[in-house]
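Using only what follows, build the 3D model:
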Amino acid sequence: MIFLKALVTGASGFVGQAMSRKLLESNIETLGISRSSSFVNGQKNDDFICDILDKSKLKKIINAFKPNLVLHLAGPAFIPNSFDKPQETYDVIFQGTLNLLETLRGLESDSKVLFVSSADVYGSNTKKVLAETEPYEPLNPYSSAKACSELLCKQFSRSYGLHVVIARPFNHTGPGQSKEFVCSNFASQIASMDAKKKNKLITGNIDVKRDFLDVRDVVDAYYELLQKATPGEVYNVCSGKAISIREVIQILFKQTNLDKYEIIIDPKKLRKNDISIRIGNNKKIFEKTGWVPRISIEKTMQDLLIYWKENLNV
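Have a look, this model is predicted:
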């Protein structure tokens, strides 16, 4: 029997934790690293704390662990912060990816690597449905750094033969996500409103439409891509349909005892040049792996609201 080992970078983050659980459920030995904490098979072990920019320590860990699979998730996730910290954003996303690929190349590793990019690389593209063949049009340091890292992964795959696959996820959410992100923010507010019998929800633009997935479906897609995808290729991870933020709010309120509520638009939460609708084409990932999302938006919102009702003080 072949026993697989997986390394997860950015393992302390929202998706990193979900990915680690998925790997462990699949009976894969899992080492999760980040600059704040590290985990061995789900158990905290600070011996492997590692900043992705520390190439020397990264090399020691990979050389000792010898992973068969590498899930590269390290990097900032909240896009607005990248405007204030462009240097740090590029360092962690681009230089961190280069450090990882160079380390694997230097060790002559045959690991299968998944680089998790972002659908935000499509940026200002106004096409209603976006396929992987659309050009990069980044609008912020985060998406620009992701686009540069995608090119880096393609080049290492083609020049050095590294098995690197690129995932381009669209919006995703679920229990455990930070309040910085829209669905989780609303669920947190509504859980508090339900407990305190208040009725005002603070929002930004709620009439834009986005392609949402449950994080549990997303990590299933990543797992399938690692096993079956073609090296050097890019795959959208998306539902192929869009829902408005207003509809998300309505779904959340249906889970509560609140019959009446007031939506307050906060000008500070409005984004310039917000794209009105963004949908991904998921034909490529389906044809290659057979992956399709299983969890409905209603189930995701239900579980997200339950999470926040249990963690109101987080």
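
which ones are touching residue 19?
Applying CB atoms under 8 Å, 6 or more residues apart in numbering, one finds that residue 19 lies in contact with 8, 11, 71, 73, 219, 222. Backbone N, C-alpha and C define where each C-beta goes, glycine included.

ok, and the most crowded of those?
When neighbours are counted by other CB atoms under 10 Å, residue 71 leads those with 31 neighbours.

For the stretch 151-300 of the chain, give me the ranges with low pLDDT.
Across the stretch 151-300 of the chain, the stretches falling below the confidence threshold (pLDDT under 70) are 194-195, 197, 273.

Going along the chain, name the strands of it.
Counting by DSSP state E, counting those that start in this stretch, the stretch 151-300 of the chain forms strands over residues 163-169, 172-173, 200-203, 209-210, 213-214, 234-237, 243-244, 262-265, 277-280, given from the N-terminal end onward.

For burial, what's the neighbour tally of residue 63?
Around residue 63 sit 12 other residues, with neighbours defined as other CB under 10 Å.

That one contacts residue 108, doesn't it?
No - proximity of residue 63 to residue 108 does not meet the contact threshold set by CB atoms under 8 Å, at 10.7 Å.

Name the residues of stretch 23-37 that are buried.
23, 24, 28, 29, 30, 31, 32, 33, 34, 35 (16 or more other CB atoms under 10 Å).

Number of residues surrounding residue 271?
Residue crowding around residue 271 was assessed by other CB under 10 Å; the count is 13.

ah, wrong one, I meant residue 139
Summarising burial for residue 139: neighbours were counted as other CB under 10 Å, giving 18.

Quickly find the element holding it.
Counting by DSSP states H and E, residue 139 is held by no secondary-structure element, helix or strand.

Also the one 5 residues further on?
Element membership for residue 144 (DSSP H and E) is helix 141-160.

returning to what we had before: just put the strands of the stretch 151-300 of the chain in TSV and tack on distance to residue 298.
Supplementary listing: the strands of the stretch 151-300 of the chain in TSV, determined by distance: least, CB to CB, whole Å:
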stretch	distance to residue 298
strand 163-169	21
strand 172-173	13
strand 200-203	19
strand 209-210	16
strand 213-214	11
strand 234-237	20
strand 243-244	10
strand 262-265	20
strand 277-280	19
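
Mean neighbour count and distance to residue 286 added to those, as JSON lines?
Supplementary listing: the strands of the stretch 151-300 of the chain in JSON lines, determined by neighbours: other CB atoms under 10 Å; distance: least, CB to CB, whole Å:
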{"stretch": "strand 163-169", "mean neighbour count": "24", "distance to residue 286": "14"}
{"stretch": "strand 172-173", "mean neighbour count": "26", "distance to residue 286": "17"}
{"stretch": "strand 200-203", "mean neighbour count": "16", "distance to residue 286": "33"}
{"stretch": "strand 209-210", "mean neighbour count": "20", "distance to residue 286": "20"}
{"stretch": "strand 213-214", "mean neighbour count": "24", "distance to residue 286": "14"}
{"stretch": "strand 234-237", "mean neighbour count": "25", "distance to residue 286": "10"}
{"stretch": "strand 243-244", "mean neighbour count": "16", "distance to residue 286": "20"}
{"stretch": "strand 262-265", "mean neighbour count": "11", "distance to residue 286": "36"}
{"stretch": "strand 277-280", "mean neighbour count": "22", "distance to residue 286": "12"}
